[in-house]
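Trainee: 3D, please:
(one chain, ligands or ions: 1)
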Amino acid sequence: MPSVVFRRGLDLKDAVAADLAAAYHSRIVDEIRESGFTRVTGRLTIHLAREFGFCYGVDRAVDYAYQTRKRFPDKRVFLTGEIIHNPHVNDRLRAQQIRFLSDAAERDTVLGPDDVVILPAFGVSVGELARLSREGCTLVDTTCGSVLNVWKNVRRYAQDGFTSIIHGKADHEETRATASQATDFPSGHFLIVRDEAEADLVCQFIRHGGDGGPLLAHFGGSLSPHFDPARHLARVGCANQTTMLMSESLRIGEMFREAMRDRYGEAELAARFRAFDTICSATQERQDAVIGLLGEHALGLMVVIGGYNSSNTCNLARICAERVPTFHIADPACLVSDLEIRHRPIGAPSTAAVSEVVTRQWLPAGPVGLGLTAGASTPNNIVGQVIERLSAWGTPG
Ligand code: SF4
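Mentor: I've put the predicted structure just below:
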């Protein structure tokens, strides 16, 4: 039986609005916004970035998940995996008996037409969508419009015989889903580069050719099946995971443009190279806002809040760490005391399982300017709790 798909919500926005506000709203965040994004408590001045926290795609995905539970109170409701990379939001959904197919306990779960499955904001692969459709489940698709925009470009590349070079993390759900759009076409191919160092390896091959074996060995699971470097790097189109560092994605695009120009000449460039800026506007706004914050104020340190597997949060932390001591924390409990903080090391792989480190004497003595921001999957109530905790340490007890 074909599945029913909801893509524009379930007409219950008003019915879940109060629940969402109760779960994620923060009065203290509203107050700090109204006071010019600054809050002074004793020796501590907190400067909040002008854009932070839930983006439009996450807002919508969480809203749809609540609507789904309300619309189908008696059905089994599943998520394919984390709806967003924030443990608090995922735990609240679990508390509403929304089950996660990615959990080990669900490994043997058999789905059927009576089940409802929510697809996350970063989408699912072409194969996974086909499997869920075959099983006849009701699908609530929360895939963000900005992700769909990347898919549109990757599909066009594949149709036109261009290999998609995806700047992203090969183990990230969004990047896996994006790559699957290329291989949905018989002659479609992709190659995922994580950073400029990996992009350089590919660019060297484009320039000089030679034995493709080392390239295949290096990229292993980051390539489409039957990838032949000599054939499949002759025409390339750049795309990216929506939450990468904007400046790095742009540089990687330029690196490929230069390599193709060096190999084939200017006259061939239009026929062999394409690029499309697929960083989403919410990611860009949050990165721009934190750069603005670092430029406007004399900050002693930055605190960045978000899940440790949240790509956009990790990238915000990278931006900050280039300028000031930066602590990426998952939640308010990481602020153990004004003497001790638990945090994710900057630059560590963005996985939920990354080991935290503990830093002591993290809050400088005397008057201090502290910058604060939060990734696109961090709700305001978590930001508010962090502000409350910090504020308590500003005033001498
Ligand atoms: S970070 Fe961007 S692409 Fe991802 S859900 Fe948010 S708005 Fe959409």
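
Trainee: Span of stretch 29-44 from start to end?
Mentor: Stretch 29-44 stretches 16 Å from its first residue to its last (CA to CA, to the nearest Å).

Trainee: So what touches that stretch?
Mentor: 45-50, 53, 366-368, 370, 380, 383-384, 387, 390-396 (CB atoms under 8 Å, 6 or more residues apart in numbering). Bear in mind the C-beta positions are built from the backbone N, C-alpha and C, glycine included.

Trainee: Just the ones of those in helices?
Mentor: Within the contacts of stretch 29-44, residues falling in helices by DSSP state H are 380, 383, 384, 387, 390, 391, 392, 393, 394.

Trainee: from memory the first one sits against residue 26, does it?
Mentor: Yes. Using CB atoms under 8 Å, residue 380 makes contact with residue 26 at a distance of 4.2 Å.

Trainee: Around the ligand, pick out the residues from the stretch 51-200 of the chain.
Mentor: 55, 56, 57, 58, 121, 144, 146, 147 (CB under 6 Å from any ligand atom).

Trainee: so how far is the ligand from the residue nearest to residue 394 when sequence neighbours are not counted?
Mentor: The shortest distance from residue 394 to any non-neighbouring residue, by CB to CB, 6 or more residues apart in numbering, is to residue 44 (3.1 Å). Counting by CB to the nearest ligand atom, to the nearest Å, the gap from residue 44 to the ligand is 30 Å.

Trainee: Pairing partners for residue 44 in the sheet, please.
Mentor: residue 41, residue 368 (DSSP bridges).

Trainee: Please identify the buried residues of whichever helix or strand residue 58 is part of?
Mentor: If you go by DSSP states H and E, residue 58 is part of helix 56-71. For helix 56-71, the neighbour count (16 or more other CB atoms under 10 Å) marks 57-69, 71 as buried.

Trainee: Show me what the helix or strand just after that helix is packed against.
Mentor: Moving toward the C-terminus from helix 56-71, the next helix or strand (DSSP H and E) is strand 77-79. When contacts are defined as 3 or more CB pairs under 8 Å, 6 or more residues apart in numbering; DSSP states H and E, strand 77-79 sits against helix 56-71, strand 98-100, strand 116-119.

Trainee: could you dump those to a markdown table with mean pLDDT?
Mentor: As requested, the helices and strands packed on strand 77-79 are exported to a markdown table (pLDDT from 0 to 100):
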| stretch | mean pLDDT |
| --- | --- |
| helix 56-71 | 96 |
| strand 98-100 | 97 |
| strand 116-119 | 97 |
